[in-house]
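Chemist: Dropping a prediction and its sequence here:
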Amino acid sequence: MKINVAELKRQKTDITNFSGELLLDNLYEDSALVKYNLNLKVVGNEVIATGRIITKVKLKCVRCLKNFYQDVDTEFETSYLEEEDYNEYLKLEEAEHFFNSDEIVREKISGNEIDIDKLFREYILLEITEYPICDVNCNGIEEIELYSKNEEIDPRWNQLLNITKK
Ligand SMILES: [Zn+2]
């Protein structure tokens with residue numbers, strides 16, 4: 001979903017609300033259906049996007065390699081700036097080691113559009129750990145079972161047993 005900024009600015013209301021569902025492709029192991037509530041507020045040349053997203057993300061456990069789902073329910077706040085303002089903001093941040101104390105994420109408006117899919121994707125990625133685990137107790141069980149079975153039938157022991165029988 002993309003929002004046209006010029007159209008948004010033409011709206012008479014301060015805040016424009018969007019809600020519904022959208023499908024994000026290629027999110028880890030599968031696509032994900034995202035329920036969203038999105039408010040876009042125009043403040044001068046700036047557009048502030050706030051809201052909430054709820055989804056389930058299909059992941060692969062790094063220990064047992066099985067797929068599992070993780071619930072994601074997160075809020076977001078991102079400020080979109082016109083290219084000129086954005087560059088100005090970057091300069092300020094660089095030159096004065098300006099501390100962004102409000103912790104609002106700032107993005108550039110590109111091609112007069114706000115890319116909502118990209119916004120949601122980025123906030124979902126923040127919720128997923130680098131090494132997802134299906135369960136805190138997951139030991140990657142199959143490998144351990146295989147190892148212990150091999151020990152039971154260690155061929156060296158069989159050979160020894162055969163020798164003593166003779
Ligand atoms: Zn696992």
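Modeler: Structure's in. What do you need? Since the structure is predicted, the reported quantities are computational estimates derived from the model, not experimental observations. Residues are numbered from 1 along each chain as shown.
Chemist: Compute the first-to-last residue distance for stretch 125-139.
Modeler: 25 Å (Cα to Cα, to the nearest Å).
Chemist: Could you confirm whether any residue of it contacts the ion?
Modeler: Yes - contact of stretch 125-139 with the ion (Cβ under 5 Å from the ion) involves 134, 138. Where C-beta positions appear, they are placed from N, C-alpha and C, glycine not excepted.
Chemist: for that stretch, what is the average pLDDT?
Modeler: The average pLDDT within stretch 125-139 is 93.
Chemist: Which strand or helix spans the residue most central in space within the chain?
Modeler: With distances taken as Cα atoms, centre = their mean, residue 125 lies nearest the centre of the chain, 1.5 Å away. Residue 125 is part of helix 116-127, with elements assigned from DSSP states H and E.
Chemist: swap in residue 33?
Modeler: Secondary-structure assignment from DSSP H and E places residue 33 in strand 30-43.
Chemist: Could I have the CA atoms of that strand written out in CSV?
Modeler: Output of strand 30-43 as CSV, limited to C-alpha atoms (Å, rounded to 0.1, in the frame of the first residue of the first chain):
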residue,chain,number,x,y,z
ASP,A,30,6.0,-17.2,4.4
SER,A,31,3.8,-14.3,3.6
ALA,A,32,2.0,-12.7,6.5
LEU,A,33,-1.4,-11.1,6.8
VAL,A,34,-1.1,-7.9,8.8
LYS,A,35,-4.0,-6.3,10.6
TYR,A,36,-3.4,-2.6,10.9
ASN,A,37,-4.6,0.6,12.3
LEU,A,38,-2.9,3.6,10.8
ASN,A,39,-3.2,7.3,11.5
LEU,A,40,-1.5,9.9,9.2
LYS,A,41,-1.2,13.4,10.6
VAL,A,42,0.0,16.3,8.4
VAL,A,43,2.0,18.9,10.3
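Chemist: residues of the helix holding residue 125 that come out buried?
Modeler: 116, 119-121, 123-124 (16 or more other Cβ atoms under 10 Å).
Chemist: how much space between the residue nearest to the centre of the chain and residue 3?
Modeler: In this view, residue 125 and residue 3 are 21 Å apart by Cβ to Cβ, to the nearest Å.
Chemist: Ok, residue 120 next?
Modeler: Relative to residue 3, and taking Cβ to Cβ, residue 120 is found at 12 Å.
Chemist: and what of residue 79?
Modeler: Residue 79 sits 14 Å away from residue 3, going by Cβ to Cβ.
Chemist: Equivalent analysis for residue 139, please.
Modeler: In terms of Cβ to Cβ, residue 139 sits 46 Å off from residue 3.
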